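Engineer: All I have is the shape, not the residue letters:
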Ligand SMILES: NC(=O)c1ccc[n+]([C@@H]2O[C@H](COP(=O)([O-])OP(=O)(O)OC[C@H]3O[C@@H](n4cnc5c(N)ncnc54)[C@H](OP(=O)(O)O)[C@@H]3O)[C@@H](O)[C@H]2O)c1
Ligand SMILES: [Zn+2]
Ligand SMILES: [Zn+2]
């Protein structure tokens with residue numbers, strides 16, 4: 001391809017294939033583009049859902065699939081019309097790389113609701129055809145309007161997960177007005193959950209973590225939880241009935257959501273950010289009694305993502321990461337399925353040089 005160069009990446013060839021070394025085309029930067037050398041990329045559970053085609057009804061996977069939407073790196077080149085970034089800057093890219101810029105959502109800075117957005121991977125690529133390829137790669141080229149600035153004080157490996165796990169938990173808490181003095185629950189202590197705990201704590205809430213892993217209790221407190229409930233203990237769950245202002249559910253697999261709806265106070269809200277493969281059963285009475293509401297929330301807009309990064313800079317918040325070389329990515333996926341992650345895998349992309 002004339003308008004493209006070859007980048008190194010890790011891809012899956014089918015829903016049953018492990019990820020393996022590959023090469024992919026990337027467009028040569030156009031006037032508005034920023035070319036980025038990727039330094040770290042977080043592993044989101046969505047990468048696993050997508051690689052294994054678990055969301056085939058909503059977003060079928062096109063193969064080869066290069067996942068990764070928690071990207072931090074250094075600018076290597078900018079197009080002639082780029083004004084915000086220059087070579088050498090530390091920057092980040094999250095789950096979106098483009099939108100139409102004209103719809104009502106875009107005009108409100110809510111690009112995550114744009115009907116014509118382009119997700120960072122497995123989405124039609126307007127420039128090269130085929131689908132977009134994500135951050136398990138040595139470089140990426142992105143329109144400057146979807147490039148974020150990383151505060152200088154943040155550790156880069158720990159900053160990468162902010163681009164999805166961070167914004168996905170920050171945005172609904174801001175939307176639902178989580179604030180000092182509220183009682184906030186976070187269900188599931190994985191990548192998203194541990195960021196949810198950090199944000200709810202930083203916003204001044206009384207934070208209760210619900211986990212299926214008793215071994216995570218001490219960590220939950222260190223991360224900012226005021227209380228920890230092992231959710232398999234029905235008696236302890238009951239002691240919290242009707243008491244929460246807001247609950248964030250980050251669970252990646254099927255589970256009983258009514259057990260959490262019943263913990264909301266009158267007019268309380270439970271927001272789903274976890275996206276299990278199968279539908280969840282909701283009891284009408286869990287909502288009717290107490291006029292409770294159940295909602296969902298996808299990632300966040302560009303401006304709010306920058307706001308979240310700046311908030312993290314100010315409060316010195318990053319993800320707790322286990323840094324791995326790209327060669328360990330398949331092992332990391334198996335560990336995600338066992339809830340064995342503390343609390344996000346961050347791929348050191350220097351390892352791709354030897355792949
Ligand atoms: N809405 C969005 O925009 C958005 C963005 C990113 C990710 N997601 C979705 O959010 C979900 C979580 O992603 P993640 O990266 O945080 O995953 P993760 O790191 O694997 O964490 C998920 C956590 O859920 C709990 N869990 C897992 N299986 C469970 C089960 N069978 N029953 C009860 N709890 C269980 C575990 O916590 P404990 O060990 O504490 O129980 C686990 O650590 C995924 O479905 C992902 O696709 C959505
Ligand atoms: Zn994600
Ligand atoms: Zn739009």
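Structural biologist: Great, that's in hand. Treat the numbers as computed from the prediction; the structure is a model and nothing was measured. Numbers count the residues shown, from 1 in each chain. Ligands and ions are numbered 1, 2, ... in the order given.
Engineer: wait, is residue 22 part of a strand?
Structural biologist: Yes. Looking at residue 22 with DSSP: H, G, I helix; E, B strand; the rest coil, it is inside a strand.
Engineer: That one: neighbour count?
Structural biologist: 18 (other C-beta atoms under 10 Å). C-beta: built from backbone N, CA, C; applies to glycine.
Engineer: how close does it sit to residue 125?
Structural biologist: 16 Å (C-beta to C-beta, to the nearest Å).
Engineer: Next: residue 100.
Structural biologist: Where residue 125 is concerned, residue 100 sits at a distance of 15 Å (C-beta to C-beta).
Engineer: neighbour count winner among the two?
Structural biologist: Using other C-beta under 10 Å as the criterion, residue 100 and residue 125 rank with residue 125 on top: 16 against 13.
Engineer: quick one: contacts for the more buried one?
Structural biologist: Counting by C-beta atoms under 8 Å, 6 or more residues apart in numbering, residue 125 touches 118, 131, 132, 133.
Engineer: What degree of burial does residue 32 show, as a neighbour count?
Structural biologist: 15.
Engineer: quick one: contacts for it?
Structural biologist: With C-beta under 8 Å, 6+ apart, residue 32 has these contacts: 79, 81, 82, 143, 144, 145.
Engineer: and the first one, how many neighbours does it have?
Structural biologist: Burial measure for residue 79: 16 neighbouring residues, criterion other C-beta under 10 Å.
Engineer: and the nearest residue in space to it that is not next to it in sequence, how many neighbours?
Structural biologist: Spatial nearest neighbour of residue 79, excluding adjacent residues (C-beta to C-beta, 6 or more residues apart in numbering): residue 31 at 4.1 Å. Residue 31: 10 surrounding residues under other C-beta under 10 Å.
Engineer: I'd say residue 164 and residue 42 touch.
Structural biologist: Yes. Counting by C-beta atoms under 8 Å, residue 164 touches residue 42, with 6.8 Å between them.
Engineer: Give me the common contacts of the two.
Structural biologist: Common neighbours of residue 164 and residue 42 (C-beta under 8 Å, 6+ apart) are residue 70.
Engineer: picking that back up, tell me the two of the contacts of residue 125 that are most distant?
Structural biologist: 118 and 133 (11.8 Å; C-beta to C-beta).
Engineer: which residues does the residue of the stretch 201-350 of the chain found nearest ligand 2 contact?
Structural biologist: Going by C-beta to the ion, ligand 2 is nearest to residue 299 of the stretch 201-350 of the chain, at 7.5 Å. By C-beta under 8 Å, 6+ apart, the residues touching residue 299 are 94, 95, 96, 112, 164, 167, 168, 171, 305.
Engineer: give me the number of residues near the third one?
Structural biologist: Spelled out, that is residue 96. The burial count for residue 96: 26, using other C-beta under 10 Å.
Engineer: Show the contacting residues for the closest residue to it other than its chain neighbours.
Structural biologist: Closest residue in space to residue 96, ignoring its immediate chain neighbours: residue 117 at 5.3 Å, by C-beta to C-beta, 6+ apart. Residue 117 sits next to 96, 98, 99, 100, 111 when contact means C-beta under 8 Å, 6+ apart.
Engineer: ok, how many other residues are close to residue 314?
Structural biologist: Neighbours of residue 314 (other C-beta under 10 Å): 11.
Engineer: Tell me the helix or strand right after the helix or strand harbouring it.
Structural biologist: Residue 314 belongs to helix 302-315 when assigned by DSSP states H and E. With elements assigned by DSSP H and E, the helix or strand that comes after helix 302-315 is strand 321-325.
Engineer: Sheet partners, orientation included, of that next one?
Structural biologist: strand 344-348 (parallel) (DSSP bridges).
Engineer: Would you mind putting the contacts of residue 117 into CSV with pLDDT and distance to ligand 2 alongside?
Structural biologist: CSV is the format used below for these (pLDDT from 0 to 100; distance: C-beta to the ion, whole Å):
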residue, pLDDT, distance to ligand 2
96, 98, 11
98, 98, 17
99, 98, 17
100, 98, 22
111, 98, 16
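Engineer: about what we covered before: and the residue nearest to residue 96, how far from ligand 2?
Structural biologist: Shown here: residue 117 relative to ligand 2, a distance of 15 Å by C-beta to the ion, to the nearest Å.
Engineer: same thing with residue 14?
Structural biologist: Taken as C-beta to the ion, the span from residue 14 to ligand 2 is 21 Å.
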